[in-house]
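Peer 1: can you look at this prediction? I've put the sequence above it.
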Amino acid sequence: MDEAAVHRVLTELVAFAALRELAVACVQFEQRPGARLGIWAELISCCRSEGIVNVLVPSAEHFHHDRVIAEFMREELAAKIEGCVSYVSKPVTVRAVGPAAAEGRREQ
């Protein structure tokens, strides 16, 4: 993604969070494809250490171009943080997966 696309996605995520009275605690993205595994571990570590149980992701494609792998990653992240992973898309809608979605746990 170029700088303008990153800015647009961040703006959309912040707007989505604000509409749902969520606070954006951190933003994680890889600057190069080889950084994917490190960013994945950093995301999980950040969520656990900060008590974050809700993660917003722009779309499944931001996890992986293969939908099956993307869905696996989404479910794996939700399990590792014991929370909810939601996709943000246009129009602003959300699909949530994980125990926090069902239990209505604390959102961040």
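Peer 2: Ah, there it is. Residues are numbered from 1 along each chain as shown.
Peer 1: shouldn't Cys26 be within a helix?
Peer 2: No. Per DSSP: H, G, I helix; E, B strand; the rest coil, Cys26 lies outside any helix segment and is coil.
Peer 1: for it, what are phi and psi?
Peer 2: Phi and psi for Cys26, reported as degrees, to the nearest 10, are phi -160, psi 160.
Peer 1: leaving out chain neighbours, which residue sits closest to it?
Peer 2: Cys46 (5.3 Å; CB to CB, 6 or more residues apart in numbering). Heads up, the C-betas are built off the backbone N, CA and C, glycines and all.
Peer 1: ok, Ile69 next?
Peer 2: Nearest non-adjacent residue to Ile69 (CB to CB, 6+ apart): Phe63, at 7.3 Å.
Peer 1: where along the chain do the strands fall?
Peer 2: 54-57, 84-89, 93-97 (DSSP state E).
Peer 1: mean pLDDT for those: which is lowest?
Peer 2: Among these, strand 93-97 carries the lowest mean pLDDT, a mean of 49.
Peer 1: okay, now the unreliable bits of the protein?
Peer 2: Across the chain, the ranges flagged by pLDDT under 70 are 1, 90-108.
Peer 1: remind me, longest helix of it?
Peer 2: Longest helix of the chain, by residue count under DSSP state H: helix 3-19.
Peer 1: run through the neighbouring helices and strands of that one.
Peer 2: strand 54-57, strand 84-89 (3 or more CB pairs under 8 Å, 6 or more residues apart in numbering; DSSP states H and E).
Peer 1: how about it: buried residues?
Peer 2: For helix 3-19, a neighbour-count test (16 or more other CB atoms under 10 Å) marks Val9, Glu12, Leu13, Phe16, Ala17 as buried.
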